[in-house]
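S.K.: coordinates only, sequence not included:
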């Protein structure tokens, strides 16, 4: 079944099919997510293109986090969570990928509250590269510095790399989780409300980092801060009560060129 939203998205692509920005990285087809008999997501259809920031906005309990969990196959470890439909990553259904850990190396995710490893700052970032077989100290040093710099954290921790990551402030720990995700060299980076534990100044620094990362990867940005989506996202989807109400160019949605009045109502703060 193809929804009206999907048809409009296809029309936009067909207008300029040769544009590299229109190449699809992630395709979601009729995805429904349930926890037991409770429906969290109902028949979502959307695409995330290569080298774009794809925003997802919507109030609490709209299904946004469940959607990210399905993309990262976290339902494998939650017997109460079931996923129907197809999620294609580079054209391959993620359920056909036998090594879920290899998939997660390609799809990085950062959740709202930082979950650091019980390791030093350095080892938090070096952990995944070591698993990939990188053991040379000089090479690891370069990776750690690069990822911490990209996460807007290097200047604050470069003199205490051997201290426990858990001793950092909440905002610093959040940026450390971003650095650790970047150490995977993901092709798709998903961020779920990263601003919750971060002060406004640091939030703007991380937003600048995400803009710099866009030429290297696709980014899904879930946010309750609609103006953050406006600043960063190329296209934005509006989720409400487990439904993808609308997908459009971000400028269009914020300029009132919408297909569903609920989108404007949410963006303008009438509910949520």
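M.R.: Structure received. Since this is a predicted model, take the numbers as computed values, not measurements.
S.K.: List the buried residues of the host helix or strand of residue 141.
M.R.: Assigned by DSSP states H and E, residue 141 falls within helix 137-150. Counting neighbours by 16 or more other CB atoms under 10 Å, one finds that the buried residues in helix 137-150 are 140, 143, 144, 145, 147, 148, 150. For the C-beta atoms, the positions are set from N, CA and C on the backbone; glycine is no exception.
S.K.: packing partners for that helix?
M.R.: helix 121-131, helix 154-157, helix 170-182, helix 200-213 (3 or more CB pairs under 8 Å, 6 or more residues apart in numbering; DSSP states H and E).
S.K.: tell me the angle of the last one relative to helix 170-182?
M.R.: Between helix 200-213 and helix 170-182, the angle comes out at 10 degrees (axes from the mean of the first three to the mean of the last three CA atoms, to 10 degrees).
S.K.: angle of helix 200-213 against helix 137-150?
M.R.: 120 degrees.
S.K.: ok so, going back, tell me the most buried of the helices and strands packed on helix 137-150?
M.R.: When these are scored by mean count of other CB atoms under 10 Å, the highest mean neighbour count falls to helix 170-182 (a mean of 24).
S.K.: returning to that earlier point: average model confidence for the helix holding residue 141?
M.R.: Averaging pLDDT along helix 137-150 yields 95.
S.K.: Check the offset of it from the chain's centre.
M.R.: Put simply, helix 137-150 sits 22 Å off its chain's centre (CA atoms, centre = their mean, to the nearest Å).
S.K.: circling back: so can I have JSON lines of the buried residues of helix 137-150 showing distance to residue 266?
M.R.: As requested, those are exported to JSON lines (distance: CB to CB, whole Å):
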{"residue": "140", "distance to residue 266": "45"}
{"residue": "143", "distance to residue 266": "40"}
{"residue": "144", "distance to residue 266": "40"}
{"residue": "145", "distance to residue 266": "41"}
{"residue": "147", "distance to residue 266": "34"}
{"residue": "148", "distance to residue 266": "36"}
{"residue": "150", "distance to residue 266": "31"}
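S.K.: after the helix or strand hosting residue 27, next one along is what?
M.R.: Using DSSP H and E, residue 27 falls within strand 24-35. Tracing the chain past strand 24-35, the next element assigned as helix or strand by DSSP H and E is strand 38-49.
S.K.: Check which helix or strand the residue nearest in space to the middle of the chain maps to.
M.R.: With distances taken as CA atoms, centre = their mean, residue 190 lies nearest the centre of the chain, 1.5 Å away. Secondary structure assignment for residue 190, by DSSP H and E: strand 188-192.
S.K.: tell me the angle that strand makes with helix 170-182.
M.R.: Going by the same axes, to 10 degrees, strand 188-192 makes 160 degrees with helix 170-182.
S.K.: List the buried residues in strand 188-192.
M.R.: 188, 189, 190, 191, 192.
S.K.: Tell me the neighbouring strands of that strand, and mark each as parallel or antiparallel.
M.R.: Strand pairing for strand 188-192, determined by DSSP bridges: strand 107-110 (parallel), strand 218-222 (parallel).
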